[in-house]
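Student: Pasting the sequence and the predicted coordinates here, then a few questions.
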Amino acid sequence: MSNLNAMIPGPLGQKRKPAYLRSLVHWLFFVKSLLPRIFDFITSLLFIFFLFPLLLLRGLCGFFQTGSVLKREIYVGRFQQEFERLSFAGSLPGKDLPVLLNVLRGDLAWAGPRPMTPSELLLLPPNAFFRFGITPGIISPYLLRKKIGLAYEDELTTDHEFYYSATVKENIGLSLRGVIGTFLGGKEARPMPPMLHFWGIDIVNTTMIEALDWIEQQIQQKLKVMLAFVNPDCLNIAYSNTDYRGILQAADRVLPDGIGINIGCRILNESLMANINGTDLFPRLCERAAKNRYGLFLLGGLPGVAELAAQAMQLRYPDLVIAGTHDGYFKKDQESQVIESINKSGAVILCVGFGAPKQELWLARNREILQPNVCLGVGGLFDYYSGRIPRAPIWVREIGLEWTWRLLQEPGRMWKRYIIGNPLFLYRVWLQRQQGTKL
């Protein structure tokens, strides 16, 4: 009988590694797990060392002002252990500096889920207790996104994402983004009106979820509506283009798009609830459409681009109904055929990507004969979801610099919009504030 050397697949068929290698792997994992804590300890110690004179002075000021140096508040940290979060007494600036001591002794990390109070812990759902597996942070990924207007998911979902992706690199990056985000988003509380006003154009100040709910309600009620997004470039065009401004004023809903609107709100001493741009809304709209079997028609972009974007969304949401696609490069005498194709498709949502103001002018001109319930101008988002143009990474968006990414991609086409247009928009907002009118 011949000898057969049978090979067992998988780990059972592998030669056992030497003990020293197995031990080394365990030690490497252990050291890797300590790296975030080492980073927090060293950086907080350095900050305390270099800021010691300032810390001493601020502590003395607090003592002379209130009779005590520190204030202590109870929070819940890692493994549900309570700790005292420190701050300086008194009303002078720099009261949060003692939090460096919390980072030094391990109560807090630079980056992590928001620390909770004992009363918040009692209200926490059972599926949220994973957050106590890591140290809470001074900079919360959810609060950072909220400052910039990108907190489309709830805090639990954002914390869950951070929990499974936390590394030293990610912690450093989030810490740096937090500093920039605080500058761009501001720290002081400002009024959050339901409507924002820029030279006669009313912009709904809302959340991503509410915006999607509104679209769904229009479809369910079989209403015909037009939705527009505006960024600083759109508002600059509307400032001098009366036809475009009139269309935006007559639109059923206008939503805010971009960090420029956020900064403009700060100039007007208002808060933007969320950055509801079409690029972030589109996949969420597709998700809802897939669940309810709403048909979409994608119109715009170079030949084949809308079709590629549709395919990408159908891969993500297999139940998504794409009623039809068409590029944006058709002649005037072909327009009636395109509209007929849209109407015959049975689509209830029409996304038009011609760029502003062309898409809004086209929709307004043909509004009466277009049959989809919801018509919206979506700019160049088909380019992103087709893969033709890469979108800025999330960390670039979190610090409000997606516009610089676009500028670097197409400097010849975008320089005027951003280098001249952004300062011009902010000047016009400042002028509106000085005049105390909606212009």
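Tutor: The structure has been received and is ready for your questions. Being a predicted model, the structure only gives us computed values, none of them experimental. Residues are numbered from 1 along each chain as shown.
Student: Okay, buried residues for stretch 73-85 please.
Tutor: 75-78, 83, 85 (16 or more other C-beta atoms under 10 Å). The way it works is simple: take the backbone N, C-alpha and C, and place the C-beta from them, glycine included.
Student: Filter those down to just the ones in strands.
Tutor: Counting by DSSP state E, the members of the buried residues of stretch 73-85 that fall within strands are 75-76, 83, 85.
Student: so after the helix or strand encompassing Ala289, what's the next helix or strand?
Tutor: When elements are assigned from DSSP states H and E, Ala289 belongs to helix 278-292. Heading C-terminal from helix 278-292, the first helix or strand you meet, by DSSP H and E, is strand 295-300.
Student: Relative to the whole chain's centre, how far out is that following strand?
Tutor: Offset of strand 295-300 from its chain centre (C-alpha atoms, centre = their mean, to the nearest Å): 24 Å.
Student: what's the answer for stretch 391-406, then?
Tutor: Averaging C-alpha coordinates over stretch 391-406 and over its chain gives two centres that are 10 Å apart (C-alpha atoms, centre = their mean).
Student: CA atoms only: put that stretch into PDB for me.
Tutor: C-alpha atoms of stretch 391-406 as PDB (Å, rounded to 0.1, in the frame of the first residue of the first chain):
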ATOM      1  CA  ARG A 391     -14.300  62.700  -3.600                       C
ATOM      2  CA  ALA A 392     -12.300  64.200  -0.800                       C
ATOM      3  CA  PRO A 393     -11.600  61.800   2.100                       C
ATOM      4  CA  ILE A 394     -13.800  62.100   5.200                       C
ATOM      5  CA  TRP A 395     -11.000  63.700   7.200                       C
ATOM      6  CA  VAL A 396     -10.700  66.500   4.700                       C
ATOM      7  CA  ARG A 397     -14.500  67.000   4.900                       C
ATOM      8  CA  GLU A 398     -14.400  67.000   8.700                       C
ATOM      9  CA  ILE A 399     -12.100  70.000   8.700                       C
ATOM     10  CA  GLY A 400     -14.200  71.800   6.200                       C
ATOM     11  CA  LEU A 401     -11.600  71.800   3.400                       C
ATOM     12  CA  GLU A 402     -13.400  69.800   0.700                       C
ATOM     13  CA  TRP A 403     -13.300  72.900  -1.500                       C
ATOM     14  CA  THR A 404      -9.500  72.800  -1.500                       C
ATOM     15  CA  TRP A 405      -9.600  69.200  -2.700                       C
ATOM     16  CA  ARG A 406     -11.800  70.300  -5.600                       C
END
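Student: quick one, strands of this protein?
Tutor: Ranges of strands within the chain are 70-76, 82-88, 109-111, 137-139, 195-198, 201-204, 225-230, 253-256, 295-300, 321-326, 349-353, 374-377, based on DSSP E.
Student: Could you single out the most deeply buried of these?
Tutor: For the strands of the chain, the stretch with the most neighbours on average is strand 374-377, a mean of 27; neighbours defined as mean count of other C-beta atoms under 10 Å.
Student: what does that strand rub up against?
Tutor: Where contact means C-beta atoms under 8 Å, 6 or more residues apart in numbering, the residues beyond strand 374-377 that reach it are 215, 218-219, 224-229, 278, 348-354, 356, 359-360, 363, 367.
Student: one more time with 6 Å, if that's ok
Tutor: Judged by C-beta atoms under 6 Å, 6 or more residues apart in numbering, the contacts made with strand 374-377 from elsewhere in the structure are 215, 218, 225-228, 349-352, 359-360, 363.
Student: Then stretch 46-58?
Tutor: Here stretch 46-58 makes contact (C-beta under 6 Å, 6+ apart) with 88, 94, 97, 100.
Student: Now do the end-to-end distance for that stretch.
Tutor: Counting by C-alpha to C-alpha, to the nearest Å, you get 18 Å between the two ends of stretch 46-58.
Student: What is the least confident helix or strand in this structure?
Tutor: Per-element confidence for the chain was summarised using mean pLDDT, DSSP states H and E. The lowest value among helices and strands belongs to helix 168-185, with a mean of 69.
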